[in-house]
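K.L.:
take a look and give me a structure for this.
(chains A and B)
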Amino acid sequence: MTRKSRRLWLVVACMIGLGSAAALTLNAFSSNIVFFMAPSQVHAKPPPADRTIRLGGMVVAGSVRREKVKDSPVNLFDVTDGQAAVTVRYEGILPDLFREGQSVVAVGTVNPDGTFRASEVLAKHDETYMPKEVAEELRRSGKWDPRFGKAPDAASWNTMTAAETKKPATQTPDGN
Amino acid sequence: MNPELGNFALALACCMAAGQAILPLIGANRRDARLMALAPALAVGQMIALITSFACLIHAAITNDFSVQNVAANSAVSKPLLYKITGVWGNHEGSVLLWAMILSICGGAVALFGRNLPSALQARVIAVLGGVAAGFELFCLTTSNPFARVWPAPLDGQGMNPLLQDPGLAFHPPILYTGYVGFAVPFAFAIAALIEGRVDAAWGRWVRPWAVAAWCFLTCGIAMGSWWSYYVLGWGGYWFWDPVENASLIPWLTGTALVHSAIVVEKREALKIWTVLLAIGTFSFSLSGTFLVRSGILNSVHAFANDPARGVFILGLLALVIGGSLLLFAIRAPQLTTGGLFSPVSREGLLVLNNILLCSICAVVLTGTMYPPFMSLLFGKTISVGKPFFDATTIPLAIPLMVFMGFGPMVPWKRAQMWPVLRRLWWAACVALVALVLATFRMRDILPVLATATAVWVICSSIADITERLRLFRQPLAQSWQRARSLPRAVFGAALAHAGVGIVVLGIAGMSQAAHRIVEVHVGESEMLAGDTWTLTDVHPAEGPNYSALVATIEVRHNGRLITTLHPSKRTFASQHQTTTEVAIHTNLMADIYGVLGDRHGDDANPTYVLRLHYNPLAPWMWLGGLIMAFGGALSLSDRRVRVGAPRRAKAVDVMVIQ
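P.N.:
Now for the predicted structure:
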């Protein structure tokens, strides 16, 4: 085995290793990337039913309710970005930090009927913390400017939005 | 008084580290023995100063000195003593100080245990360590001083995140950090070798124990972190491919490659440039790991500190350390001579394969971790990659790695024949085939089946390696015993570590078959899971030191025979308005029975409780295997070849003639 053939062999082995790594990565990227979507985007352009997405927004206050399918409890709650709300169905125990009126990220798929089937619900450690994606989405929808203090209560935007869409002229001044 | 003493000690350590970084380097260049002799003295001095500083912070935490802002923000009078101590490193400032202290201890260790190194090399190694330490201590002093005072001092602290009040997490950061920081020593050796322009077998021998020690700690730290998320977070999962977890996995992968390629340097003087690069890369990844966690570039459940000002400082530090070392590498590496030849089928060949595959896995994990933040930074797209991505990419690369791992220790150096190796391993291959067939019938999915078979193969081939070396069953037992005593411990260590990998993979394969159910029951009702009957018999309130809890009693029966009684609970911490779930786990080493208490619903007279029940086959093997791997590493460190006789540079032939 000469120095040259050894080098050739090494290069080939490296190429095979890194090449297969690259192939696997690209392949996995094409099918396993999870996009983040806000409720209004889900309404506008629902993703295919087999596509896993991350749905983020604020839990609408007073929207959390429960059903029981056989022995398993199902949690239902609405997630809003101030423009639209999506109902999330989650079979499981909600995280300890899950609260109404706070930000949440749900991982799952969109059902044909427009509801969201979550396989995982994430709420963050810190109660003042808002996931970056959610904050970005709220700013884009014009519901919140971080320069003017804390995010408003999720319940207030939802009713505000509802009031706006129903009768935009007679919005009450108290904002509730 | 004490916090000021700590602050002073920290500043003193920073000055000493700066001196340690500069003076010995000058000394080594001028061959000035006095300047070089400063290196160990300064390293030990810096170590003592930082230990003092850290002790002052612990003292402030124990004595509830809430005038120290860090203590006020993270501690409280009602917190148990253990968590007052461990809370010191459960936050950003304290953890940076801990990091710096461990780095200074590494420097001190090189000063104390490295007396038999050539003095110029030792001086340069300590100088590099001093430079890194000076940077981190400056960072600690300027942007995140743990001793900053607050006025007026509050009466009570804000308390600590209840999730972190756990014995598992108490000792996880120091061990993980020791692993991260430990790779600073191989890094320093690599830089010193580049400055000297000389890498040889002796260098490999000196570097390897440090790399192995750091690797052991990192392995333990990762295993503990995974165990912590398994039993604290209560999701029943053990690895979430969270950016912070990946940040610890990446240096582990390159560190494992380093531990193996250093063997080739030591035995055959080949792969020298590559090993130097790996040493630089591993520490760079460790540093970036800290950077990723501390700057909040990667959002994750672990983010304690999301402060961009600190991020800029650390980014500068990283650019300096990593960029500088890579520049030095680019200038000096061509001067290093390339070493001995070997054929593809040889121990070296297989170690090269090991390195290629480990680095490929590392590249994949790095891509998966970095792609989402870069996409959001460059294109404003918010995406994430999760478990499916990492499963689909890492497992297909890990399986060939495991197959080659079985052959590795049995193949001779330089040039080997495949046939004698196969003849010694035929029974291991047969057992692995039987495992493959059994797993095909018992398990879902193809990847866990393949993983099971290769894991069995690795374990059996490690056993085959040892029995072969001992000539067990072919010689009288007494002779085998004699051979066992004369066999270097590193051989046993390697076999043990390899078997540990197999055990971890078996655990992971077993966990892929886990079953779980979420149920809502009244007290007294039963549910079935994995052939066991789970009965909720009682739920009662209980009081803890700084929380109140709701404790459930779940009886698990198999065919009417009581297996265990679980007591999962929910704790409410009044001072933070937070609740945590305490998982109850019963293990018989073959499977975990894992119960979580969820919310309470319904009227007070007859409430229902949500329970999550898991049956996790082979779950304990993952952590057991991790410990076995670390123990294997520790065993090979205790090899007397590491301590006695080894560190002699085969430098001058004339010396030998004189002797």
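K.L.:
quick one, what contacts A:Leu94?
P.N.:
Counting by C-beta atoms under 8 Å, 6 or more residues apart in numbering or on different chains, A:Leu94 makes contact with A:75, A:121, A:123, B:599. Yep, even glycine has a C-beta here, placed from its N, CA and C like the rest.
K.L.:
which residue, other than its chain neighbours, is closest to the spatially most central residue of chain B?
P.N.:
The geometric centre of chain B, computed from its C-alpha atoms, lies nearest to B:Leu218 (C-alpha atoms, centre = their mean), at 2.2 Å. Nearest residue to B:Leu218, sequence neighbours excluded (C-beta to C-beta, 6 or more residues apart in numbering or on different chains): B:Gly179, at 2.8 Å.
K.L.:
what does the model give the one you found for pLDDT?
P.N.:
pLDDT, B:Gly179: 94.
K.L.:
so it touches B:Trp215, yeah?
P.N.:
Yes: in this structure, B:Gly179 is within contact of B:Trp215 by C-beta atoms under 8 Å, at 7.3 Å.
K.L.:
any common contacting residues for those two?
P.N.:
In contact with both B:Gly179 and B:Trp215: B:Trp252, using C-beta under 8 Å, 6+ apart.
K.L.:
if we can go back for a sec, ok, the residue nearest to the centre of chain B - contacts?
P.N.:
B:176, B:179-180, B:182-183, B:248, B:251-252, B:255.
K.L.:
re earlier: who wins for neighbours among the contacts of A:Leu94?
P.N.:
Across the contacts of A:Leu94, neighbour numbers were computed from other C-beta atoms under 10 Å in any protein chain shown; A:Val121 holds the maximum, 22 neighbours.
K.L.:
mind listing what that one touches?
P.N.:
Contacts of A:Val121 by C-beta under 8 Å, 6+ apart are A:88, A:90, A:92, A:94-95, A:98, A:104-107.
K.L.:
give the bridge partners for it, please.
P.N.:
When assigned by DSSP bridges, A:Val121 has beta-bridge partners A:Ala106.
K.L.:
any idea how far it lies from B:Tyr180?
P.N.:
A:Val121 sits 32 Å away from B:Tyr180, going by C-beta to C-beta, to the nearest Å.
K.L.:
try B:Pro488
P.N.:
Using C-beta to C-beta, B:Pro488 is found at 29 Å from B:Tyr180.
K.L.:
break chain B into its domains for me.
P.N.:
Structural domains assigned to chain B are B:1-160, B:201-403, B:404-513, B:515-620, following automatic domain parsing.
K.L.:
the shortest one near chain A anywhere?
P.N.:
I take that to be domain B:515-620. Yes: contact of domain B:515-620 with chain A (C-beta under 8 Å from any C-beta of the partner chain) involves B:517-521, B:527, B:577-581, B:596, B:598-599, B:601, B:610, B:612.
K.L.:
which bits of the stretch 351-500 of chain B sit near chain A?
P.N.:
Within the stretch 351-500 of chain B, the positions near chain A by C-beta under 8 Å from any C-beta are B:352-353, B:356-357, B:359-361, B:363-364, B:367-368, B:371, B:376, B:381-386, B:388-389, B:392-393, B:396-397, B:415.
K.L.:
can I have the buried ones of those as a ChimeraX selection?
P.N.:
Buried subset of those, written as a ChimeraX selection, criterion 16 or more other C-beta atoms under 10 Å in any protein chain shown:
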select /B:352,353,356,357,359,360,361,363,364,367,368,371,376,382,383,384,385,386,389,392,393,396,397,415
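K.L.:
would you map the strands across chain B?
P.N.:
With DSSP state E as the criterion, chain B has strands at B:383-385, B:515-522, B:526-529, B:532-543, B:548-558, B:561-566, B:569-573, B:578-582, B:584-587, B:591-601, B:608-617.
K.L.:
what do you get for chain A?
P.N.:
So, for chain A - with DSSP E - the strands run A:33-37, A:53-59, A:65-69, A:72-80, A:85-91, A:103-110, A:116-122.
K.L.:
highest average neighbour count across these?
P.N.:
Here the criterion is mean neighbour count by mean count of other C-beta atoms under 10 Å in any protein chain shown, and of those the winner is strand A:53-59, at a mean of 26.
K.L.:
that one vs strand A:33-37, what angle?
P.N.:
30 degrees (axes from the mean of the first three to the mean of the last three C-alpha atoms, to 10 degrees).
K.L.:
tell me, how many residues neighbour the nearest residue to A:Arg6 once chain neighbours are set aside?
P.N.:
The shortest distance from A:Arg6 to any non-neighbouring residue, by C-beta to C-beta, 6+ apart, is to B:Leu341 (5.9 Å). Residue neighbour count, defined by other C-beta under 10 Å, stands at 16 for B:Leu341.
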